[in-house]
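K.L.:
Give me coordinates for this.
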Amino acid sequence: MSLLDPVWTSFLYLAAAVFFILALRGLSSPRTARRGNLIGAFGALLAVATVFLSARLENIPWIIGAIAVGTAVAAPVARRVKMTQMPQLVALFNGVGGGAAALVALLELGHNEDPWVRLAIVFTLLVGAVSFAGSGVTFAKLQELMTTRPVVFPGLPVVMAAALLAAVGTAVAVVLTGSLALAVLLMVLGLAAGALLVLPVGGADVPIVISLLNAFTGLAVAASGVVLGNVLLVVAGTLVGASGTILTRAMAAAMGRSVAGILFGAFKGGSTAGSTAVSDRPVRSSSAEDVAVLLGYAQRVIIVPGYGLAVAQGQHTAAELALALEARGIDVDFAIHPVAGRMPGHMNVLLAEANVPYESLKEMGEINSEFRTADVALVVGANDVVNPAAKTSTGSPIYGMPILEVADARQVIFLKRSMRPGFAGIENELLYEPQTSLLFGDAKDSLAKVLGAVKAL
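P.N.:
Sure thing, here's the model as predicted:
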C-alpha cells in the first residue's frame, strides 16, 4: 500500500524536476556550482523518497542493501578523488548509469508486448550498453591503464559499420519477437560498438567523448522512463542528454573541431594524440631567481594555469605568488582556457580551492586582447592551449583550435617538468621563441622557489 496519493506523487516529482533544472543552472558557473550540486543532490533524494512512499515495492531489504553498498563505495571515492582524476570519476559514474538503464530495460522485456514500449527497451539496451563500454574505455585511457593514443587497426571502420548494422537488425528482431536471447545479443553488440567507438579517440579528445557518452546515458535513462512509465526519469534523462550534448558541442568548439572529427579523426590522421618523443632542440632555461626578477619588476603579469598545475597540486602556491606580486603593486590575472585541464571549469574549481578571487579569473575571450600589454606571461603546466601551431600549422591536429595568445606577451616563462609534448602529443613552437624561457621541475616546487625569490627581492 502506498503512503502518497497520486496528486502528491505528481507534485513531488514536479518539485524534483524543478530542482534538477535549478541544479543545471547553478552548474553553469563556477561561482554557483557548489550550490547547484547541492540542489541536484536534494532533488535526487526527494525523487528516491517519493518512489519509496508512492510505489508498491517488493524486495525492499534488497533495495535498501543495494543503496547502502553503493553509498559505502561511492562516498569515500568521491571525497578522496583528486581533481586531476575527476574526469575518470565522471566516466565511471556515467558508465554505471548507462549500464543500470540497460539492465532495467532487459528485465522489463518479458513484461511488455507493446511494440512501442519494446522499441524504447531496445533503444535503452543499445545506447546504455554503448555508454557503459565506451565510458570504461575512456576511464582506462585517462587513468593510463591503456595507451592514451588512438587504437586503430586495418578494417576498423568496416568492423564498426558491421557491428552497428548487426545491432540495428537485432533490435528490430527483438521488437518483433520479444526474445530475451536476442536482447542479450543486442547488449553484447552495444558493448562492442561502445568500445570500438572510443578506441580510435586519443589525447585531449577523450574528455569530450566522456561528455558525449554522458548525453548517451541521459537518453538511455529517458527511454527507460518510458519503459517504466516514470515521467521523472524521462525529464531527468532528457535534461542530462540535452546538457551533455550542449557541453560536447561547446568543448568541440573550444578545440576548434567537429564532433565527427573527434570521433573519426584517427582514421585520417586527425587525432590530437601525436608523438610522445622528447625534442632535443635547444631552449633557453632560467633559474627561479631570474624568473622572480622578471615577475617582481613587471607591471602586468598574466598566469596561465594548466593540467600540470593540477597534477602538482600547486594552486595554493600559485595563489600565494599572485598575492605577493599584487603586494608589490603588480597587476595579476589568471587566463583560463575553456579546455585547460581535462574538463571545462577544471582550472576555475582548482583556483577557487585556493581562494583566488573570481574577478581574477579571466576567460579566453576576455583576456586574449590583454596579453600584448603584459610584461610577463607565466605558463604553469599548460601546453596545447597556448601552442601557436593551432594558428600557423595547417597540418597540426589542433589546427583551428582557439588558443590563449601568450605569444603576444613581452616575456614568456614556461614552468614545465620536461620537454615532453602536451596531451595532444605535438611540439609547442612557442618554447623556442626568443622571448620564452623555461623553468624545469615540478610545478609546485618551482612556484615555491619563485615565490621565495620574489619575497627576497
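K.L.:
Give me the distance between the two termini of stretch 332-348.
P.N.:
One end of stretch 332-348 sits 16 Å from the other (C-alpha to C-alpha, to the nearest Å).
K.L.:
ok, now stretch 77-90?
P.N.:
Per C-alpha to C-alpha, the first residue of stretch 77-90 is 12 Å away from its last.
K.L.:
switch to numbering from 769
P.N.:
Sure, I'll start counting at 769 from here, so that last one is stretch 845-858.
K.L.:
got the contact list for it?
P.N.:
For stretch 845-858, the surrounding residues in contact (C-beta atoms under 8 Å, 6 or more residues apart in numbering) are 906-907, 910-911, 974-975, 978, 982, 1075, 1078-1079, 1081, 1109-1111, 1114, 1117-1118, 1121. Any C-beta I mention is one placed from the backbone N, CA and C, and that applies to glycine too.
K.L.:
Can you list the buried residues in it?
P.N.:
Within stretch 845-858, the residues that count as buried by 16 or more other C-beta atoms under 10 Å are 851-858.
K.L.:
before we move on, back to that, inside helices: which ones of the contacts of stretch 845-858?
P.N.:
Using DSSP state H, the subset of the contacts of stretch 845-858 located in helices is 906-907, 910, 974-975, 978, 982, 1075, 1078-1079, 1114, 1117-1118, 1121.
K.L.:
what's the offset of the least confident helix or strand in the chain by mean pLDDT from the middle of its chain?
P.N.:
Of all the helices and strands that make up the chain, the one with the lowest confidence by mean pLDDT, DSSP states H and E is helix 1027-1032; it has a mean of 77. How far helix 1027-1032 lies from its chain's middle: 16 Å, per C-alpha atoms, centre = their mean, to the nearest Å.
K.L.:
That one - contacts with which helices or strands?
P.N.:
For helix 1027-1032, the packing partners by 3 or more C-beta pairs under 8 Å, 6 or more residues apart in numbering; DSSP states H and E come out as helix 974-996, helix 999-1022.
K.L.:
Per the annotation, how does this structure divide into domains?
P.N.:
Recorded structural domains for the chain (assignment: automatic domain parsing) are 849-1036, 1056-1224.
K.L.:
can you redo the ones you listed as a markdown table with distance to residue 790?
P.N.:
Formatted as a markdown table, the entries for those read as follows, by distance: least, C-beta to C-beta, whole Å:
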| stretch | distance to residue 790 |
| --- | --- |
| domain 849-1036 | 11 |
| domain 1056-1224 | 18 |
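K.L.:
Quick check: the gap between the residue positioned nearest the centre of the chain and residue 786.
P.N.:
What sits nearest the mean C-alpha location of the chain, by C-alpha atoms, centre = their mean, is residue 1111, with 3.7 Å. In this view, residue 1111 and residue 786 are 26 Å apart by C-beta to C-beta, to the nearest Å.
K.L.:
One more: residue 1105?
P.N.:
When C-beta to C-beta is applied, the distance between residue 1105 and residue 786 equals 34 Å.
K.L.:
Now residue 983. Nearest residue, chain neighbours left out?
P.N.:
Ranked by C-beta to C-beta, 6 or more residues apart in numbering and with sequence neighbours excluded, the top spatial neighbour of residue 983 is residue 1012, at 3.1 Å.
K.L.:
coming back round to it: ok, residue 1105 and residue 786, which is more surrounded?
P.N.:
Remark: of residue 1105 and residue 786, residue 1105 carries more neighbours, 25 against 13, as counted by other C-beta atoms under 10 Å.
K.L.:
Report the distance from stretch 1071-1085 to the chain centre.
P.N.:
17 Å.
K.L.:
In this structure residue 1196 contacts residue 1150, no?
P.N.:
No. Residue 1196 sits out of contact with residue 1150 when judged by C-beta atoms under 8 Å, with a separation of 9.6 Å.
K.L.:
Comparing those two, which residue is more hemmed in?
P.N.:
Here residue 1196 and residue 1150 are compared on neighbour count by other C-beta under 10 Å; more neighbours surround residue 1150, at 28 against 24.
K.L.:
and that one, what does it touch?
P.N.:
Under the criterion of C-beta under 8 Å, 6+ apart, the contact list for residue 1150 reads 1072-1077, 1105, 1108, 1172, 1190.
K.L.:
6 Å instead?
P.N.:
By C-beta atoms under 6 Å, 6 or more residues apart in numbering, the contact list for residue 1150 reads 1072, 1074, 1108.
K.L.:
Put the buried members of those into a PyMOL selection.
P.N.:
For selection in PyMOL, the members of the contacts of residue 1150 meeting the burial criterion (16+ other C-beta under 10 Å) are listed in this command:
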select buried, resi 1072+1074+1108
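K.L.:
Quickly find the element holding the residue nearest to residue 1056 when sequence neighbours are not counted.
P.N.:
In space, and not counting its chain neighbours, residue 1056 is closest to residue 1217: 3.6 Å by C-beta to C-beta, 6+ apart. Counting by DSSP states H and E, the secondary-structure element that holds residue 1217 is helix 1211-1224.
K.L.:
same check, this time on residue 819
P.N.:
Counting by DSSP H and E, the secondary-structure element that holds residue 819 is helix 801-822.
K.L.:
Now the element after that helix, going C-ward?
P.N.:
On the C-terminal side of helix 801-822, the nearest following helix or strand under DSSP H and E is helix 828-848.
K.L.:
Quick one: mean pLDDT for that next one?
P.N.:
Per-region confidence: helix 828-848 scores 87 on mean pLDDT.
K.L.:
likewise stretch 1105-1113?
P.N.:
Confidence for stretch 1105-1113, expressed as mean pLDDT, is 76.
K.L.:
Next, find the distance separating residue 1142 from residue 1135.
P.N.:
Between residue 1142 and residue 1135 the distance, using C-beta to C-beta, works out to 9 Å.
K.L.:
So for these two, which residue has more residues nearby?
P.N.:
Each of residue 1142 and residue 1135 had its neighbours counted (other C-beta under 10 Å), and the higher figure belongs to residue 1142 (25 against 20).
K.L.:
list the contacts for that one?
P.N.:
Shown in contact with residue 1142 (C-beta under 6 Å, 6+ apart): 1068, 1070, 1177.
K.L.:
Dihedrals phi and psi, it?
P.N.:
For residue 1142, the backbone dihedrals are phi -90, psi 130 (criterion: degrees, to the nearest 10).
K.L.:
Residue 837: which of the domains of the chain is closest?
P.N.:
Residue 837 sits nearest to domain 849-1036 of all the domains of the chain, at 12.7 Å, using C-beta to C-beta.
K.L.:
before we move on, back to that, helix or strand next in line after the least confident helix or strand of the chain, which one?
P.N.:
helix 1056-1064.
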